[in-house]
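Undergrad: Below are the sequence and a predicted model for it; my questions follow.
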Amino acid sequence: MKRLLFALPLIGLAFAGTELELTTPTGVLHGTLESPATPDKSVCVLILAGSGPTDRDGNSLGLPGKNDSLKKVAEDLAHRDIASLRIDKRGIGASKAAGPKEENLRFDTYVDDAVLWTE
């Protein structure tokens with residue numbers, strides 16, 4: 001019986017992530033829109049992974065295992081009725097094919113990508 005009681009708060013916490021694609025001149029970028037049951041159409045948080053090879057869920061290729069830290073943030077926001085969009089940067093995760101050669105990496109490109117996702 002105790003197991004059932006502890007499981008009850010988890011019911012209804014499953015959120016449906018919608019996979020999105022953004023076509024750019026240099027390749028397709030991928031992201032996940034996490035929407036709450038009753039989203040406020042005026043609010044959506046854009047979640048960008050930090051430096052290094054970190055995917056949209058917060059997992060780094062350089063570290064063993066998966067922590068899904070950014071995915072958990074998105075799910076918590078959805079639980080609070082806030083939508084979020086988390087994206088794979090160029091060259092990372094599902095957006096790997098859109099990555100430029102390392103010598104052509106520019107911070108401004110990532111800024112431009114973030115702007116495109118918000119339009």
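TA: On my side now, so go ahead.
Undergrad: Tell me how many other residues crowd the closest residue to residue 32 other than its chain neighbours.
TA: Leaving aside its chain neighbours, residue 32 sits nearest to residue 17 (4.4 Å; criterion: C-beta to C-beta, 6 or more residues apart in numbering). C-beta: built from backbone N, CA, C; applies to glycine. Residue 17 has 20 neighbouring residues, counting by other C-beta atoms under 10 Å.
Undergrad: so after the helix or strand bottoming out on mean pLDDT in the chain, what's the next helix or strand?
TA: For the chain, scoring each helix and strand by mean pLDDT, DSSP states H and E identifies helix 2-7 as the least confident one, at a mean of 41. Moving toward the C-terminus from helix 2-7, the next helix or strand (DSSP states H and E) is strand 17-24.
Undergrad: That next one pairs with which strands?
TA: Under the criterion DSSP bridges, strand 17-24 sits next to strand 27-34 (antiparallel) in its sheet.
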